[in-house]
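1. I need the structure of the sequence given here:
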Amino acid sequence: MIQRVNVFPIRQRTTHAMKIKKLLFVTKFEELGLDALQSLLILRKAGLEHVVFVNVIERERVALRRGTGYNKEAEIRLRETANIRFIDWAENLFEQGMEVGVYIVVGSLVGEVIKAAQKEEADLIVIGRSQKGVVEQLYAGSDITELLHRTASPVLVYKYLSESSFALETPFERPVLATDWSPASLKAVDYLKELKEVIKEIHVVHVAAQKTLSGSAMAIQKTRKKMRRQMDEICNTFEAEGIAARSHVYVGNPEQEIEKAARDCQATLIVMGSSGKASWVERWLGSTPRKIAEKSAYPALLIPPEKI
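-> Residues are numbered from 1 along each chain as shown. Okay, the predicted model is just below:
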């Protein structure tokens, strides 16, 4: 029998370890199931030992009509349904020598995920694409945006069955790393180095603004040389770890060009640094990482900067 765990908030750790030893798998069952989980177990080669299942029963699902009370029977039914599924999944993982934990809680999705990630000291949070409507996202923000804003853990927004209708059996095999040389994107380099046992090739991509490649021929050449040097440094870092790496420079809109790069490189994953700090403009219109996470057909791994 799987033990249900009550979640209480504690202070988040600060760590420099990059290995993925513990993974938080957040599911409502509709978007992420056992097949998606199985595809992530390739991370065992990179040190994964422990999977923690999280199912958050959002309050509106157990609220009585007109907000007059709380439907205990609905909560019990939803808890039992989740528990039955998790028992089946846990048995599968136990057979593979994995440790398993479970959280089945009532509350707000992001708040409960944050609490579980802090308590478990999760190295990676895996969550499906936000299901909120366009209007709701505009005015209230999406779950993904809020999670990125509040967590210090890397987040994998996983679309196991993407719009292109193929199942990703090895999502970490050919990542595209979109870099702007920010602290978060440089931390992403360190994070990916620890996944060298599961990565076959990395494509390092930088999207330059059109204005950076305007001006005199000498100025443009100088800018290109600087970009090339920075890209080569990142590729050399990966190759020193035994990971094949290639660099690419695109010009234009970051969201569109990163998506194009993923298609060109036949990527299985897009990796980006995420500042975690969103201005009201970014929350309204969306930052590039948020747009990639929510709109791209590809799974998106978003890495926050190191907490000081």
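2. Would you state the helices of the stretch 1-150 of the chain in chain order?
-> 34-40, 72-95, 109-120, 134-140, 143-150 (DSSP state H, counting those that start in this stretch).
3. same check, this time on the stretch 151-300 of the chain
-> Going by DSSP H, counting those that start in this stretch, the stretch 151-300 of the chain shows helices at 183-193, 217-240, 254-264, 280-285, 288-295.
4. Which one of those helices lies nearest to residue 201?
-> helix 217-240 (9.3 Å; Cβ to Cβ). To be clear about C-beta, it is placed using only N, CA and C from the backbone, and glycine gets the same treatment.
5. Give me the contact list for that closest one.
-> 177, 179, 181, 189, 192-193, 202, 204, 206, 208, 212-214, 244-247, 249 (Cβ atoms under 8 Å, 6 or more residues apart in numbering).
6. Which members of those residues are positioned in strands?
-> Among those, the residues falling in strands (DSSP state E) are 177, 202, 204, 206, 208, 244, 245, 246, 247, 249.
7. which two in those are spaced the farthest apart?
-> Maximum distance among the ones in strands among the contacts of helix 217-240 (Cβ to Cβ): 23.7 Å, for 208 and 244.
8. Of the two, which one has the most company?
-> residue 208 (17 against 13; other Cβ atoms under 10 Å).
9. just to revisit the earlier point, buried subset of the contacts of helix 217-240?
-> Buried members of the contacts of helix 217-240, counted by 16 or more other Cβ atoms under 10 Å: 177, 179, 189, 192, 193, 202, 204, 206, 208, 245, 247, 249.
10. quick one: the fifth one from residue 241, how far?
-> Residue 193 sits 5 Å away from residue 241 when distances are taken as Cβ to Cβ, to the nearest Å.
11. any low-confidence regions in the protein?
-> Low-confidence segments of the chain (pLDDT under 70): 1-18, 64-69, 130-141, 160-169, 275-286, 306-308.
12. Just give me the neighbour total for the residue lying closest to residue 43 once chain neighbours are set aside.
-> In space, residue 43 comes closest to residue 20 once its chain neighbours are excluded; the distance is 5.4 Å by Cβ to Cβ, 6 or more residues apart in numbering. Neighbourhood size, residue 20 [other Cβ under 10 Å]: 24.
13. which of the residues in stretch 179-195 are buried?
-> 179, 184, 185, 186, 187, 188, 189, 191, 192, 193, 194, 195.
14. Out of the residues you listed, which is nearest to residue 41?
-> residue 195 (13.5 Å).
15. The closest one against residue 174, yeah?
-> No - counting by Cβ atoms under 8 Å, residue 174 is not a contact partner of residue 195; they are 11.9 Å apart.
16. what's the distance between residue 251 and residue 87?
-> Applying Cβ to Cβ, the value for residue 251 to residue 87 is 52 Å.
17. How about residue 46?
-> Look at residue 46 and residue 87: by Cβ to Cβ, they are 27 Å apart.
18. So for those two, which sits in the more crowded spot?
-> Between residue 46 and residue 87, counted using other Cβ under 10 Å, the more crowded position is residue 46 (17 against 14).
19. give the contact list for that one.
-> So residue 46 contacts 19, 20, 194, 195, 196, 197, 198 (Cβ under 8 Å, 6+ apart).
20. do residue 82 as well
-> 29, 55, 57, 104.
21. nearest to residue 124, of the helices of the stretch 151-300 of the chain?
-> Of the helices of the stretch 151-300 of the chain, nearest to residue 124 by Cβ to Cβ is helix 183-193, at 9.2 Å.
22. Quick one: work out the angle between the closest one and helix 288-295.
-> 60 degrees (axes from the mean of the first three to the mean of the last three Cα atoms, to 10 degrees).
23. can you offset everything so residue one is 55?
-> Let's use 55 as the start, then, which means that last one is helix 237-247.
24. for helix 237-247, packing partners?
-> Helices and strands touching helix 237-247, by 3 or more Cβ pairs under 8 Å, 6 or more residues apart in numbering; DSSP states H and E, are strand 229-232, helix 271-294, strand 323-327, strand 354-357.
25. Kindly reformat the ones you listed as CSV and extend each row with distance to residue 209.
-> Output for the helices and strands packed on helix 237-247, formatted as CSV (distance: least, Cβ to Cβ, whole Å):
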stretch, distance to residue 209
strand 229-232, 15
helix 271-294, 22
strand 323-327, 11
strand 354-357, 5
